[in-house]
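> okay, structure incoming, though there's no sequence with it:
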């Protein structure tokens, strides 16, 4: 089959069904887009699933319908390359009473700039407006978190996957602009120095968080 950015979901009585996941930056979408997804799923007998990555999976699709449903949606796939920034998860900070900083703008900037960036291994980023860290920020490869005083801190190396790992705090007490530059530097350093297939947390464990922090801070002026 052609590359219709679909995952084989199930084989039952010799019949294959597939799932697709359109890109929904930060989990925010317009009513019109939501209606369009619903109408497309209804047309092709799809089943909708809200994913943990702030996206909508359309599953139960037939192979012969994949190209048409993508055309009907007019959306980009959430993941084009597995070893990449798969998603940037964003909390609703600008609308939340607990938030210490309106972080949606920063999250969208990070998503627009780095989503789909090819890396040694699949990578997830979370951007949140307080230490409650919604979207499980501490278990993401990179977390951008706002502390009680409204200053940012960065966590790295988290994972909730096959080999769970608690993230390390890379740096604290930085500004929004400094946080963005830190994410850019971390991704570039990881891309240049990690082994293919090596998760960020495993890379950090191999070289030590101390060396990782020293190298990152040596590359950026704060």
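Happy to help now that I have it. All values reported here derive from a predicted model rather than from experimental measurement. Numbers count the residues shown, from 1 in each chain.

> what bridges to the residue nearest the centre of the chain?
Nearest residue to the geometric centre of the chain (C-alpha atoms, centre = their mean): residue 87, 1.9 Å. In this structure, residue 87 bridges to residue 124 when assessed by DSSP bridges.

> show me where this protein has its helices.
Using DSSP state H, the helices found in the chain span residues 31-43, 66-73, 104-114, 176-193, 200-207, 209-219.

> got the domain ranges for the chain?
7-73, 85-219 (automatic domain parsing).

> can I get the ones you listed in CSV with mean pLDDT?
Shown next, in CSV, are the domains of the chain (pLDDT from 0 to 100):
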stretch, mean pLDDT
domain 7-73, 94
domain 85-219, 97
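
> between those, which gets nearest to residue 79?
Closest to residue 79 of those is domain 85-219 (C-beta to C-beta; 5.4 Å). All C-beta spots, glycine's among them, are computed from the backbone N, C-alpha and C.

> what's the end-to-end length of the closest one?
21 Å (C-alpha to C-alpha, to the nearest Å).

> got it, and stretch 155-164?
Stretch 155-164: ends 15 Å apart by C-alpha to C-alpha.

> cool, and stretch 8-20?
Across stretch 8-20, first to last residue, C-alpha to C-alpha, it's 9 Å.

> and it, what's buried?
Buried residues in stretch 8-20, counting neighbours by 16 or more other C-beta atoms under 10 Å, are found at 9, 17, 18, 19, 20.
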